[in-house]
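S.K.: Task: produce atomic coordinates for the following.
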Amino acid sequence: MRHEKNCLNCGAEVNGRYCGQCGQENIEPKETFGSLVHHFVGDITHYDTKFFITLKYLLFKPGYLTKEYTAGRRNKYLDPIRTYVFVSLLFFVALFFKKNDEETASAENYNGHYVNKARQQLADSLRNSDKPALKSTAYDSIKSAVVKNIADNLDTLAVKDTTEAIGLSVGNNGVIFTLVENKYSTVAEYDSAQQAMPDSLRDKGFFRWMLRTNISLKSRYGSRSQVVVGENFEHNVPKMMFVLLPLFAWFIYIFHNRKKYYYAQHAIFSIHFHSFMFVLFLLFTVIGWLFPHINNLIVLPISALVILFIYMAAALKQTYNQSFFIASLKTLAIGVMYIISLLICIIALAFINFFTA
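M.R.: Down below sits the predicted model:
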């Protein structure tokens, strides 16, 4: 400790160990290596202690942290925003750690398409090169038969896949894009084919825009087009979830007394609830890794929804001093509104990433 009572950081008078103005500890600026290690370990331990205390109450006492925060008892708990950022980061890292099987399958489909196209081009070249001679000989006949046989075999091997599909699915592996366009290789080829069709059969409007964008993505990224769009989407999902926090708080706001409770309290409730949600999803993700045979079952999603419903009802009861029945009704209404909003945001984000990739 320094004997002087002036703060080296802000210059205010220090009456104890810490400055009352800026909070800096009044210690000698020239520390020994031992004291440096001591402070480092102390800070890590202090953070860990706060985190585990916060996690304990977050998991097993719904609504308790929100009530403590609004009552001003905050020092021994981790800040709500820091808690949210930390647990959501862990969840999204775990969720997107492995490449989805659907992405691999998509790449294989694209590669197979290019192989088939090369075989077909070779077959067409062989047929074009086999022009009938003016005076056909036995050699020419044998050669034509061999060329025709090879071309026919290439046609048989080259399965003409003309599949077209653009879709979005949400499952245990996260959000999966399906971008399949095996009919056309370039936008120019697509436009040429469209021009050759009668006007009534041509693609129009939004569907035409989607198909042209899909073909353009395939031309630029090849077999990685699905992966590129999927990765862009994954990078933006955490931002979308953070933006949804105030919307969720507003849903809570409209169901409670606006004179008794401030919006900020609902925002803190929203942060704590989403932090619990990400911890739960992280746990279920790990369970899916450890027990792959139950990963494709509907048990995990249903269990997560039931747990979230019970947790939120209990949190509303604790935070806003209402009966569990009333809290359950509000949870149901807020949950429906939130799920609808979430689906709208996911679809909007999917289209934005698709057309801007």
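S.K.: Centre-most residue in the chain?
M.R.: residue 234 (3.7 Å; C-alpha atoms, centre = their mean).
S.K.: now that residue, what's its secondary structure?
M.R.: Put simply, residue 234 is helix when judged by DSSP: H, G, I helix; E, B strand; the rest coil.
S.K.: quick one: it and residue 256, what's the gap?
M.R.: 35 Å (C-beta to C-beta, to the nearest Å). C-betas here are computed from N, CA, C, even on glycine.
S.K.: Identify, by residue count, the longest helix of this protein.
M.R.: helix 324-356 (DSSP state H).
S.K.: where do the strands sit along this structure?
M.R.: 164-171, 174-181 (DSSP state E).
S.K.: Number of residues surrounding residue 21?
M.R.: The number of residues packed near residue 21 is 13, by other C-beta atoms under 10 Å.
S.K.: Please read the previous query as pertaining to residue 76.
M.R.: Residue 76 - counted by other C-beta under 10 Å - has 10 other residues nearby.
S.K.: For it, which non-adjacent residue is closest in space?
M.R.: Of all residues beyond its chain neighbours, the one nearest residue 76 is residue 53 (6.2 Å), with distances taken as C-beta to C-beta, 6 or more residues apart in numbering.
S.K.: my guess is the one you found contacts residue 75, does it?
M.R.: No. When contacts are counted by C-beta atoms under 8 Å, residue 53 is not listed as touching residue 75 (11.0 Å).
S.K.: Neighbour count for the two, which is higher?
M.R.: Higher neighbour count among residue 53 and residue 75: residue 53, with 14 against 6, using other C-beta under 10 Å.
S.K.: any idea how far residue 84 is from the more buried one?
M.R.: Relative to residue 84, and taking C-beta to C-beta, residue 53 is found at 16 Å.
S.K.: where do the helices sit along the stretch 101-250 of the chain?
M.R.: Using DSSP state H, counting those that start in this stretch, the helices of the stretch 101-250 of the chain run over 101-129, 138-157, 187-196, 205-221, 225-253.
S.K.: From the contact counts, what lies against the third one?
M.R.: Under the contact criterion of 3 or more C-beta pairs under 8 Å, 6 or more residues apart in numbering; DSSP states H and E, helix 187-196 touches helix 205-221.
S.K.: What residues sit buried inside the helix it packs on?
M.R.: 210-219, 221 (16 or more other C-beta atoms under 10 Å).
S.K.: Using CSV, write down the CA coordinates of that helix.
M.R.: Extracted in CSV, the C-alpha atoms of helix 205-221 (Å, rounded to 0.1, in the frame of the first residue of the first chain):
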residue,chain,number,x,y,z
GLY,A,205,-40.9,-12.1,-60.4
PHE,A,206,-39.4,-13.1,-57.2
PHE,A,207,-38.9,-16.8,-58.2
ARG,A,208,-36.9,-15.7,-61.3
TRP,A,209,-34.8,-13.5,-59.0
MET,A,210,-34.1,-16.3,-56.6
LEU,A,211,-33.1,-18.8,-59.4
ARG,A,212,-30.8,-16.3,-61.1
THR,A,213,-29.1,-15.5,-57.7
ASN,A,214,-28.8,-19.2,-57.0
ILE,A,215,-27.1,-19.9,-60.3
SER,A,216,-24.9,-16.9,-59.9
LEU,A,217,-23.7,-18.2,-56.5
LYS,A,218,-22.9,-21.6,-58.0
SER,A,219,-20.9,-19.9,-60.8
ARG,A,220,-18.9,-17.9,-58.3
TYR,A,221,-18.4,-20.4,-55.4
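S.K.: now the angle from it to helix 225-253?
M.R.: Counting by axes from the mean of the first three to the mean of the last three C-alpha atoms, to 10 degrees, helix 205-221 lies at 130 degrees to helix 225-253.
S.K.: quick one, helix 205-221 and helix 187-196 angle?
M.R.: Inter-element angle recorded for helix 205-221 and helix 187-196: 150 degrees (by the same axes, to 10 degrees).
S.K.: Helix 324-356 and helix 205-221, what's the angle between them?
M.R.: Using the same axes, to 10 degrees, helix 205-221 lies at 60 degrees relative to helix 324-356.
S.K.: What average pLDDT does helix 205-221 get?
M.R.: Mean per-residue pLDDT for helix 205-221: 77.
S.K.: other SSEs contacting it?
M.R.: Secondary elements touching helix 205-221 (3+ C-beta pairs under 8 Å, 6+ apart): strand 164-171, strand 174-181, helix 187-196, helix 225-253, helix 324-356.
S.K.: pLDDT below threshold where in the stretch 201-350 of the chain?
M.R.: 222-228, 294-297 (pLDDT under 70).
S.K.: Now with 90, please.
M.R.: The model of the stretch 201-350 of the chain has pLDDT under 90 over residues 201-239, 242-243, 256-262, 284-304, 346-350.
S.K.: The stretch 51-200 of the chain too?
M.R.: In the stretch 51-200 of the chain (pLDDT under 90), the answer is 51-52, 71-76, 78, 89-200.
S.K.: Pull out the buried positions in stretch 79-96.
M.R.: Those would be 80, 83-84, 86-88, 91-92, 94-96, for stretch 79-96 by 16+ other C-beta under 10 Å.
S.K.: can you list those residues in CSV and add distance to residue 22?
M.R.: Output for these, formatted as CSV (distance: C-beta to C-beta, whole Å):
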residue, distance to residue 22
80, 23
83, 24
84, 26
86, 25
87, 30
88, 30
91, 35
92, 35
94, 38
95, 40
96, 40
